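A.B. asks: okay, sequence plus prediction incoming.
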Amino acid sequence: MSSRDAGGDGPPVPDLIPDRPTLKTVRDAASDCRACDLYKRGTQTVFGEGPRRAEVMMVGEQPGDAEDLAGHPFVGPAGHLLDRALEQAGIDRSLVYVTNVVKHFKWEPRGKRRIHAKPNSAEITACRPWLETEIALVKPRILVCLGATAAQALLGRAFKVSQQRGRFVESDLAPLVTATVHPSSILRARDDDTRRMEMKRFVGDLAKVAARIRGSKDPTD
Ligand code: SF4
């Protein structure tokens with residue numbers, strides 16, 4: 001499926017990226033993006049945020065309801081859970097650049113609520129050059145995919161987060177690349193015990209990232 005299958009009525013993303021991009025100019029350019037139909041559904045483009053030379057980049061699927069309204073990534077319930085997990089894992093949140101593979105919120109109405117809908121591969125393909133530009137500019141030493149959509153978009157469709165989470169894999173994207181679950185999956189756990197267990201596993205995966213930040217290899221890796 002090509003990015004042209006994603007609809008949209010504006011130029012494709014590569015045509016919008018400035019010749020000598022900086023995070024600021026790319027963010028500004030993305031704010032007017034109409035390269036796929038998702039711009040009609042979301043309130044605004046939600047671009048990545050964090051230090052220009054962040055050591056760690058975390059990539060999720062797409063902004064959620066709260067992010068769509070606020071215009072900032074990972075500021076809703078899943079973002080708060082990520083903040084807690086980073087703290088427990090010993091990762092300084094201010095070192096981390098957070099972003100998503102798709103920059104507009106895709107949702108379906110359910111009563112008065114806007115329910116998350118998974119972006120399709122054409123939408124992911126259409127939006128991907130924004131993420132590629134973020135990676136090229138930030139040059140993170142460690143890249144962490146959060147959830148299956150990000151992992152399969154960046155590491156290939158055969159990647160299975162359930163089986164390969166927490167491991168570092170070969171990739172051209174960054175010197176160290178790994179994947180774990182998306183924090184929203186922990187919020188959706190069926191009961192408190194499962195949620196606690198999943199949070200523990202999530203923090204365990206992030207602790208391996210923390211060990212790499214400290215420059216020591218986790219012996220359980
Ligand atoms: S989802 Fe991405 S490609 Fe589609 S309109 Fe938004 S920024 Fe552009």
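C.D. replies: Looks like it came in fine.

A.B. asks: near the ligand, which residues of the chain?
C.D. replies: Residues of the chain lying near the ligand by C-beta under 6 Å from any ligand atom: 13, 30, 33-36, 38-39, 45, 102-104, 123, 126-127. For glycine as for every other residue, the C-beta is placed from the backbone atoms N, C-alpha and C.

A.B. asks: out of those, who's nearest G147?
C.D. replies: Proximity of those to G147 (C-beta to C-beta) peaks at V102, which lies at 11.8 Å.

A.B. asks: what helix or strand is that closest one on?
C.D. replies: For V102, there is no enclosing helix or strand under DSSP states H and E.

A.B. asks: and the residue lying closest to L176 once chain neighbours are set aside, how many neighbours does it have?
C.D. replies: Closest residue to L176 apart from its sequence neighbours, by C-beta to C-beta, 6 or more residues apart in numbering: I142 at 4.4 Å. When neighbours are defined as other C-beta atoms under 10 Å, I142 has 23 of them.

A.B. asks: how much space between I142 and the ligand?
C.D. replies: Applying C-beta to the nearest ligand atom, to the nearest Å, the value for I142 to the ligand is 24 Å.

A.B. asks: do the same with R165
C.D. replies: Relative to the ligand, R165 is positioned 26 Å away (C-beta to the nearest ligand atom).

A.B. asks: same check on T194?
C.D. replies: From T194 across to the ligand, the span is 32 Å (C-beta to the nearest ligand atom).

A.B. asks: C36 - that's part of a helix, no?
C.D. replies: No - assessed with DSSP: H, G, I helix; E, B strand; the rest coil, C36 is coil; it does not lie in a helix.

A.B. asks: I'd say it and A122 touch.
C.D. replies: Yes - using C-beta atoms under 8 Å, C36 is in contact with A122, at 7.1 Å.

A.B. asks: more neighbours: these two, which one.
C.D. replies: Between C36 and A122, C36 has the larger neighbour count (other C-beta under 10 Å), namely 29 against 18.

A.B. asks: phi first, then psi, for that one.
C.D. replies: When read as degrees, to the nearest 10, the backbone of C36 gives phi -140, psi 170.

A.B. asks: and for L146?
C.D. replies: phi -110, psi 100.

A.B. asks: next up, the contacts around it.
C.D. replies: Shown in contact with L146 (C-beta atoms under 8 Å, 6 or more residues apart in numbering): 58-61, 82, 179-183.

A.B. asks: farthest-separated two in the residues you listed?
C.D. replies: L82 and A179 (14.3 Å).

A.B. asks: any stretches of the protein with poor pLDDT?
C.D. replies: The chain contains residues with pLDDT under 70 at 1-4, 216-221.

A.B. asks: quick one, strands of the protein?
C.D. replies: 56-60, 96-100, 107-110, 113-116, 142-146, 168-169, 176-180 (DSSP state E).

A.B. asks: which residues sit against the fourth one?
C.D. replies: Identification of contacts with strand 113-116 by C-beta under 8 Å, 6+ apart yields 62, 64-65, 68, 105-109, 184.
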